[in-house]
Structures are given as structure tokens and as C-alpha cells.
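J.: For reference, the sequence and a predicted model appear below.
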There are 2 protein chains.
Amino acid sequence: MENFSIGVDLGGTNIKFASVSASGKIILEHRVPTEADKGPVRVIENMMTGILYLLSLNADAENAERLLGIGVGVPGVVSLDGGTLSYPPNLPGWQVVRLGDILKEKLFMAKKLSMPVFIENDANVAALGEDKFGAGRNLKTFLMITLGTGIGGGIIVDDKIFRGAHGAAGEIGHITVKYDGDAPANTGIRGSLESFIGQRQITEYTKKLLAKHPESKLHAMCGNDLSKLEPKLITEAAQRGDHTAIDVWSYVADVLGAGLGSVVSVLDIRKIVIGGGVAGAGDFVLKPALEQLKRYTLRSMHEGLQLIPAQLGNSAGVMGAAAQCI
Amino acid sequence: MENFSIGVDLGGTNIKFASVSASGKIILEHRVPTEADKGPVRVIENMMTGILYLLSLNADAENAERLLGIGVGVPGVVSLDGGTLSYPPNLPGWQVVRLGDILKEKLFMAKKLSMPVFIENDANVAALGEDKFGAGRNLKTFLMITLGTGIGGGIIVDDKIFRGAHGAAGEIGHITVKYDGDAPANTGIRGSLESFIGQRQITEYTKKLLAKHPESKLHAMCGNDLSKLEPKLITEAAQRGDHTAIDVWSYVADVLGAGLGSVVSVLDIRKIVIGGGVAGAGDFVLKPALEQLKRYTLRSMHEGLQLIPAQLGNSAGVMGAAAQCI
């Protein structure tokens, strides 16, 4: 039997759990509601319930020798000491919580289990998951960017998370792509990558294009209700040859290429793993984005430059969380 | 007597040499023409002549125990093995040269001296110089940006040069500040920081403003010959309260703040040391640039954010080169 660890993905709506083997197979999965509105004490109880449930289901888990530890991915900034989560924006009432220590103590109280507990920012965890089990398996150094409602990033250098001076490195969504741009994202940062190609902004952009293109298949595909527009539909339309849909993705690719260009110039990282909902557009985005990326970077940095689709999909959170223990 | 090392700053026009004490005092200086047009053999001869001259002048240098080594800063990409310089743009005919090994061998042939020889990119060397001897003395992690004809950068993490995956990290001049910008810099990278606020571009911007502002003091200050415009003059005009000149620097600050914002978001580095000719504008640029930088970054990253003037000035090259040995 293989060693394994337990990954916990703490989201604003659900907490996902999985026991993951050292070679990256999901053994068991579980999920419970976060109940974020009930505050940190309840959320931590819910985390414990899930962890204990997984341990009880899997008799192996009682074998402390093969359980490597618990890894948690959290939606917020984790201090460099590890284990302390500060002011997570989607978890009301949390302020500063020594989550690692608390979970360790509770595990010991409940099961007399003494084992490592790792806490890490969720974007970093997703990058680590791809590094250990996914698209980054054969890479030592890469950037992972997740294109969703928000745009997150994690930087892996020599197979380790690069945290920067204060632990919050990799905020790719907030890099500037247009200094005099006025589109404000949720964060209020003008001209940022997220303010142009966050999922909602892509939908808005598409709506504007559609107003000028009554011939687009997208009108019918969303039953003439543009509030139903989403990246998946736009990709389907592109696959069916719809020019408006293809134009949307090539616009996204242009902005993405410009933003990634800054990262390549600063870090000289040439492998970029792309995940998240928008990445579902595949080559409609990745191919033109690579071409654009080359326009925004020095020729001497083009060798080996590559955009790589992420592989872990919806399991990125739990698998990355578990990867911290391996 | 203190230990010392010899720093060599290989430029396109001149090679500068200095013996530098371990505490950062310049003991002796020297300079010779590079004669870049005569190719690598001659340039390396000129480097050796200067090094041997410094050694002969300084009797101390004969004392191999106190001479820590030779450090060289070069205008190009140095491979991660150290010592190999590839395709320096301003040194015709160089292609790939194992400069470190060659200098080591020649030193041994000439003086039976066997000692470490370090080769590093000049922007990285400038950052290292500030780290060891200048504005970065009390910092472990910072970005150094040099604002001149070109815009260069070096990243120091934990008092060491951060090279990225392929050795060329820190190309701050090429980060994107306006993805749909059309101003092309020398490198042909559109929308880059350098294409907006490289020294020549600042001058061009100023000329355009001056066409609309006949009342500006700058007209008289350059004898009504706008080809004489340079950053120093613009700063002098700003000091004398000229609104056009002040507007130029606040435009530069806006673009600079946007560009630095990307670096802060990606690296979570909060200390930025600013050198080069344009930095001579001091608070006319640094103060508004810090304000702008805050507009382009997450509030959670503002604590400790600081723009710091470089301290080594024209000696940055030789002192940084020497710093490699310490």
C-alpha cells in the first residue's frame, strides 16, 4: 500500500476533501458546505468533521505510518511562518487565524494523531498540484495561471512555491496591461489583467460585440437571453465556426499574451500552465495567446516558451492541498 | 588592511576598473576604451591590461591573500553556469564567449594568480552593488530598476541575484504597460515600459508638450534648441516651478507606477531601488510614482511599499562587479 495524504480545499461555499496517494491518485472524496456566514469556529468544525469522516472511511488512515499529513488550501494570504491565515476576503469574521496549529491540536484531541498540517493559499496550492501530479510533472519552474471569475496565479521555482518577500507573490490577476485603462475590477485596480479578461469582463465584452453582430450563432445558442452567456457557450460557438466567438477569444488571447509577457520578462519563466474555466477554450485562446506573448517579449526569451493546459481540472484544489505533504 | 576585490564594468564604449575594499570603499580606479569594433580578442586584451595595471599600481594586490577575486559586469545574458556571455548586443563579433575561463587562464599565465572570476549581467550587478554597498544594505529582497536610455532591472532575493529559469530574469524594461500601445522601442516590443519612458521617449513626449506650451521655461533653458532637451534640464525646470516640466515627470511617474505595480503583484517585493539618469528627477518622479504604484496594486500589499533612490551613481557598475567576490 502506498503512502497518502489528505487534501482539504476550503472554498467560500464548499469544503472539499480527498485522500490522495503519494503518486497522485484520488482514493476517496468528500464535501461539506462551508457555512462561511457562521464564522470561523463553525467553519473549522466543518473542516474537522470532513477530515475525521475521511479518516474513518478509509481504514488505512488509522495507519499513521502511511498517512503523510493534512494539506489545506485556503482563499487568502498565508503568512510565511505557515499556518496563519489573514483576512480571507470570502470568509467573514476570520481576521487572523492560526489555522494550522488549531487543526493540529484538534486532530490530536480527537484521534491522538500527531502529524504535519500545511496551510497554503489556494492559487499556490493549485500550482503545486500541477507540479507534483499534473501538467508540471516534468517541469521544475513554471507559472500557473487560473482564468476564472478572478485571475489567480502561483509561481513554482525549483519545484517549490515562490512566495516573494511577504508571502503573497503570484497575484497575476492584478498586473497592469493598460496603464490608462479605466475598466475597474472588483479590486478597484484599473487596467489590470483581471479587469479586462476576468470571466465577467469577457461576457460583457461579448455582449457588446453581439450588439453589432446579429448574425452570430451565439444569440440563438443562449436562447436570445444574453444573461445566459458564459465562456463554455462562447467556446462551443467558436467550435462551430462563429466569427464573433472566435474574435472574443482572440481578444482575450491578445490581452493574456500582453500580461504573460510581463511575467516572462520579469521572471524569465518560459513554461506557463493555464487552468480555470476560460482555459476550456483551449487552442482558441492558447494558440493566439502564445503568438501574442512572443510579440511582448524579447526574442532571446522565446526558446522553449510554451502555454500548457492544466490537467487537474476540478480536482486541482484538493490534489494541490494534498501535494503539500509529499 | 582590509580584503578587497577588483570590479570590471565592461561597457560598449569604455571598460571601467576599480579595486574595492570588502566594506565598499573604492581604493583605485582606472578606465580604458573598449574598442568594441575590434572584436572580442582585443576587448579581452584591454580588460587584461586594465586588471594588470590595477594590480601593479596597488602593491596590496600582489598579496593574493587579501585579493578576493575579480568580478565583471557585462552588457548581455550570462548563462547559469556562470562565466559564459552570449550574444551581447553592443559587442560585435562576440557570439558565445567563455569569458570567465579565459580571464582566469590569462591571469594565471600573466601573474601565476589563481583566483575566482565572476561574470554577471550588468543590470544584475548594479542591483548586487546596491545590496552590498548602497541603498539595499539593510534590505534582503528588492527590485533595482535603472532608468536610462534603456530600462534595466535586477532582482535581489535573500541577498542573492534572482536569475529565473534561464538566467535572464529582471527585464523590467520590457514589461507591458499598455497592451494596445503602439510606441515601439528599439526592441520592437510594443506597449513596453521602455517604449514609454525610456530616456529618448521622455524627451519626445516633452517636445510634444512644449509645442503646446510656449510659456514653458524649457524653451529658453535649452536655447530654443529642443534637440538639447535632456532629463537633467527637465528636472531643473521642474525645480524652478515650470508646470510643463512637472507634468512630464508626473506622466513618467504614472507609467512607472503602473509598470512597477506588475512587479509588485507578481513578486510581492515591496522595496524598489531606483537608479539611472531619469532617477535624478528625485521626488518629482518618486513621490507621484509611489502614489500611482498604490493605485495599481492590492491594498494588502501596500504595507512597507517604498521607492528608494540608488546610492552608487556612476560607480554602480564597478562596485556591483566587485561585490560578486564578497
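T.: Alright, I've got the coordinates. Residues are numbered from 1 along each chain as shown, chains lettered A, B, ... in the order given.
J.: Could you report the distance from A:Lys112 to chain B?
T.: Counting by CB to the nearest CB, to the nearest Å, the separation of A:Lys112 from chain B is 38 Å. C-beta here means a position set from N, CA and C on the backbone, and glycine is covered the same way.
J.: what sits against that residue?
T.: Going by CB atoms under 8 Å, 6 or more residues apart in numbering or on different chains, A:Lys112 touches no other residue.
J.: Next one: it, what pLDDT does it get?
T.: pLDDT for A:Lys112: 84.
J.: Give me the below-cutoff pLDDT ranges for the stretch 51-200 of chain A.
T.: A:58-64, A:182-188 (pLDDT under 70).
J.: need the residues of it near chain B, please.
T.: A:77, A:87, A:140-141, A:153, A:155, A:157, A:163-181, A:187, A:189-192 (CB under 8 Å from any CB of the partner chain).
J.: gap between the helix or strand encompassing A:Gln201 and the chain center?
T.: Per DSSP states H and E, A:Gln201 falls inside helix A:199-212. Remark: helix A:199-212 is offset 24 Å from the chain centroid, using CA atoms, centre = their mean, to the nearest Å.
J.: neighbouring contacts of that helix?
T.: Contacts of helix A:199-212 (CB under 8 Å, 6+ apart): A:147-149, A:183, A:185, A:194-195, A:216, A:218-219, A:226, A:229-231, A:234, A:244-245, A:247-248, A:251-252, A:277-278.
J.: what comes into contact with whatever helix or strand comes next after it?
T.: Past helix A:199-212, further along toward the C-terminus, the next helix or strand under DSSP H and E is helix A:217-221. With CB under 8 Å, 6+ apart as the test, helix A:217-221 has contacts from A:206, A:210, A:229, A:233-234, A:236-237, A:240, A:242, A:244-245.
J.: From the residues you listed, keep the buried residues only.
T.: Neighbour-count burial (16 or more other CB atoms under 10 Å in any protein chain shown) applied to these gives A:206, A:210, A:229, A:233-234, A:236-237, A:242, A:244-245.
J.: before we move on, back to that, list just the nearest of the contacts of helix A:217-221 to chain B.
T.: A:Thr206 (18.4 Å; CB to the nearest CB).
J.: Roughly how far does that closest one sit from A:Thr149?
T.: Using CB to CB, to the nearest Å, we find A:Thr206 at a distance of 15 Å from A:Thr149.
J.: ok, now A:Asn3?
T.: Counting by CB to CB, the gap from A:Asn3 to A:Thr149 is 35 Å.
J.: what number of residues lie near the nearest residue to A:Ile172 once chain neighbours are set aside?
T.: Using CB to CB, 6 or more residues apart in numbering or on different chains and skipping the chain neighbours, the partner closest in space to A:Ile172 is A:Gly153 (3.1 Å). By other CB atoms under 10 Å in any protein chain shown, the residues close to A:Gly153 number 27.
J.: Check the one 3 residues further on too.
T.: Residues contacting A:Ile156 under the criterion other CB under 10 Å number 25.
J.: same question, A:Asn14
T.: 17.
J.: Please apply the same query to the one 3 residues further on.
T.: Neighbourhood size, A:Phe17 [other CB under 10 Å]: 27.
J.: list the buried ones in the host helix or strand of A:Ala321?
T.: Using DSSP H and E, the element containing A:Ala321 is helix A:316-323. The neighbour-count check on helix A:316-323 (16+ other CB under 10 Å) flags A:316-323 as buried.
J.: likewise stretch A:141-153?
T.: A:141-148, A:150-153.
J.: Turn these into JSON lines, including secondary structure.
T.: Formatted as JSON lines, these follow (DSSP: H, G, I helix; E, B strand; the rest coil):
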{"residue": "A:Thr141", "secondary structure": "coil"}
{"residue": "A:Phe142", "secondary structure": "strand"}
{"residue": "A:Leu143", "secondary structure": "strand"}
{"residue": "A:Met144", "secondary structure": "strand"}
{"residue": "A:Ile145", "secondary structure": "strand"}
{"residue": "A:Thr146", "secondary structure": "strand"}
{"residue": "A:Leu147", "secondary structure": "strand"}
{"residue": "A:Gly148", "secondary structure": "coil"}
{"residue": "A:Gly150", "secondary structure": "coil"}
{"residue": "A:Ile151", "secondary structure": "strand"}
{"residue": "A:Gly152", "secondary structure": "strand"}
{"residue": "A:Gly153", "secondary structure": "strand"}
